[in-house]
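[1] here is a sequence with its predicted model. Questions after.
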Amino acid sequence: MIDYDSILSKNVKSLAPSGIRKFFDMLTEMTDAISLGVGEPDFVTPLHVRQSGIKSLNDGKTYYTSNSGLLELREEIAKYLKRRFDISYEYKSEVIVTVGGSEAIDLAVRALVNPGDEVIIPIPSFVCYGPITTLAGGTPVFIETKAENEFRLTAQELKAAITPKTKALILPYPSNPTGAIMEKADLEAIAELLRGTDIMVISDEIYAELTYGQHHVSIVNLEGMQERTVYVGGFSKSHAMTGWRMGYACGPEDIITQMLKIHQYAIMSSPTTSQYAAITAMQNGDKDVQDMKEEYDNRRRHLLAGLRNIGFDCFEPKGAFYVFPSIQSTGLTSTEFCEKLLFAEKVAVIPGNAFGSCGEGFVRICYASSMEKINIALEKMEKFVKSLKD
């Protein structure tokens, strides 16, 4: 009889299962439930993008691409970043196409981190950063951001977390789950602190296109920061291409070269069909992005007003497609609130503590769903909150 407990990786065993997946599994048993939990656009990938993927199959383009990705796609990614965010990268040597943004983050961490290195991670944030750091042999150092600061990372908080072992900062803005953003002044203070150090930045800007009321600013735009930053982007959120699994990383050639080696051995290359579709998304997708963003903004404002009307304290999110209201007034924990709401009213939202301990007392609600479903969910949440007082 094999003792699997003794032969499995201690690092892997130390990881807690995703708190998000627990609720997804519960939801699969409720076919009539309304889900505002999944961080996925409800839009179908634009037709012209889908047609490009279909055409590539009809043309027999079912082979491996180069490890870095199709040269044409990398060129279009570089053109897109210059056009949309005024960021310049050499597409032949500073861009790599990955299997979603998550792989890009994993590659960056593994290329940079040695055992014992510390990686600073603001929380609440996307669930993968800590586990990826642990699997690379690094030590996650979490900074608990605060609602009173709209969950922005401050230079003071960062300075207090830096030690001689600090290797990198993960900068996850616009933020999943809070909807927080970092404005240029916020980033300038962070950049000023990092200039002159060897601390690298992994800037996860998967939601860069989804900011409301202002244009997104990347830390790469700031003086001296491009040489110390790995920029992570993708197609899932902005172009409604989650299932295509398309992401990318850009950065200094010395770092991208090492990331590519890991990618070569682990993945080989990103899906060919998806790459051809992504070329069209980069070339002709700006209007699609803008149209979806405008609809998200309508939903954002409507959902925020509805939650406040119910009595929830919630700051105005200015990025991504999430709101992060406090549910402390109900007297329930985040998990209790979500489980009771799901079973009582069949509405699914995600407990805030799934994104870090300081998310306790909050829930993540995704507005990448139809206005009709949002309205029904608000009615059911109001009924649920009133029932707690009876």
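    Perfect, I can see it now. Keep in mind that this is a model prediction, so the values were computed, not measured.
[2] as a check, name the ranges of all helices in the stretch 101-250 of the chain.
    129-135, 155-161, 184-194 (DSSP state H, counting those that start in this stretch).
[3] tell me the most buried of those?
    Of all those, helix 129-135 has the most neighbours on average by mean count of other CB atoms under 10 Å, namely a mean of 21. In short, each C-beta sits where N, CA and C put it, glycine included.
[4] point out where this structure drops to low pLDDT.
    Across the chain, the ranges flagged by pLDDT under 70 are 19-30.
[5] mind running it again at 90?
    1, 3-33, 35, 37-40, 196, 389-390 (pLDDT under 90).
[6] longest helix in it, please.
    helix 286-310 (DSSP state H).
[7] right, and the helix or strand after that one?
    strand 322-323 (DSSP states H and E).
[8] I'd like the distance from that following strand to the chain centre, please.
    The chain centre lies 13 Å from the centre of strand 322-323; the measure is CA atoms, centre = their mean, to the nearest Å.
[9] pull out the buried residues from the helix or strand just after that strand.
    The helix or strand immediately downstream of strand 322-323 is helix 334-345, counting by DSSP H and E. For helix 334-345, burial by neighbour count (16 or more other CB atoms under 10 Å) applies to 334, 335, 337, 338, 339, 341, 342, 345.
[10] format the helices of the stretch 101-250 of the chain as JSON lines; extra columns: distance to residue 73.
    JSON lines is the format used below for those (distance: least, CB to CB, whole Å):
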{"stretch": "helix 129-135", "distance to residue 73": "25"}
{"stretch": "helix 155-161", "distance to residue 73": "34"}
{"stretch": "helix 184-194", "distance to residue 73": "28"}
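[11] to residue 373, which of these lies closest?
    Residue 373 sits nearest to helix 129-135 of all these, at 29.6 Å, using CB to CB.
[12] circling back: relative to residue 202, which of the helices of the stretch 101-250 of the chain is closest?
    Short answer: helix 129-135, nearest of the helices of the stretch 101-250 of the chain by CB to CB, at 8.5 Å.
[13] other SSEs contacting that closest one?
    For helix 129-135, the contact count by 3 or more CB pairs under 8 Å, 6 or more residues apart in numbering; DSSP states H and E identifies helix 10-14, helix 100-112, strand 118-123, strand 139-144 as packing neighbours.
[14] looking at the ones you listed, which is nearest to residue 65?
    Taking the helices and strands packed on helix 129-135 one by one with CB to CB, helix 100-112 is closest: 15.0 Å.
[15] returning to that earlier point: can I get the helices and strands packed on helix 129-135 in CSV with distance to residue 90 and mean neighbour count?
    Formatted as CSV, the helices and strands packed on helix 129-135 follow (distance: least, CB to CB, whole Å; neighbours: other CB atoms under 10 Å):
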stretch, distance to residue 90, mean neighbour count
helix 10-14, 35, 10
helix 100-112, 17, 24
strand 118-123, 27, 25
strand 139-144, 32, 17
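[16] so for residue 236, which of the ones you listed sits nearest?
    helix 100-112 (6.5 Å).
[17] what's in contact with the closest one?
    Contact with helix 100-112 is made by 96, 98, 119, 128-129, 132-133, 136, 138, 167-168, 170, 200, 202, 204, 206, 230, 232-234, 236, 245-249, 251, 255, 258-259, 262-263, 267, as judged by CB atoms under 8 Å, 6 or more residues apart in numbering.
[18] list only those of these flagged as buried.
    96, 98, 119, 128-129, 132-133, 136, 138, 167-168, 170, 200, 202, 204, 206, 230, 232-234, 236, 245-249, 251, 255, 259, 263.
[19] what sits opposite residue 120 in the beta ladder?
    On the basis of DSSP bridges, residue 120 is bridged to residue 141, residue 169.
[20] picking up where we left off before, closest one to residue 183 among the helices and strands packed on helix 129-135?
    Using CB to CB, the nearest of the helices and strands packed on helix 129-135 to residue 183 is strand 118-123, at 15.2 Å.
[21] contacts for the closest one, please.
    109, 113, 129-130, 133, 138-145, 153, 157-158, 161-163, 165-172, 355-359.
[22] contacting residues around the residue nearest to residue 174 when sequence neighbours are not counted?
    Nearest residue to residue 174, sequence neighbours excluded (CB to CB, 6 or more residues apart in numbering): residue 319, at 2.6 Å. Residue 319 sits next to 173, 174, 175, 179, 180, 181, 207, 210, 211, 212, 216 when contact means CB under 8 Å, 6+ apart.
[23] cool, residue 314 as well?
    304, 307, 308, 323, 324, 325, 326.
[24] quick one: residue 208 and residue 217 touch, right?
    No: assessed by CB atoms under 8 Å, residue 208 is found out of contact with residue 217, at 9.3 Å.
[25] okay, those two: which has more neighbours?
    More crowded of residue 208 and residue 217, by other CB atoms under 10 Å: residue 208, with 27 against 21.
[26] tell me how many other residues crowd the nearest residue to that one once chain neighbours are set aside.
    Among residues not flanking residue 208 along the chain, residue 216 sits closest, at 4.6 Å (CB to CB, 6+ apart). Residues near residue 216, counting by other CB under 10 Å, number 19.
[27] so what's residue 216 up against?
    Neighbours of residue 216 in contact, by CB under 8 Å, 6+ apart: 85, 174, 181, 205, 208, 209, 319.
[28] how near is it to residue 183?
    10 Å (CB to CB, to the nearest Å).
[29] show me what counts as buried in the longest helix of the chain.
    286, 288-289, 292-293, 295-297, 299-300, 303-304, 306-307, 310.
[30] counting contacts, what elements does it pack onto?
    strand 322-323, helix 371-389.
[31] in JSON lines: the ones you listed, plus distance to residue 193.
    Shown next, in JSON lines, are the helices and strands packed on helix 286-310 (distance: least, CB to CB, whole Å):
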{"stretch": "strand 322-323", "distance to residue 193": "27"}
{"stretch": "helix 371-389", "distance to residue 193": "39"}
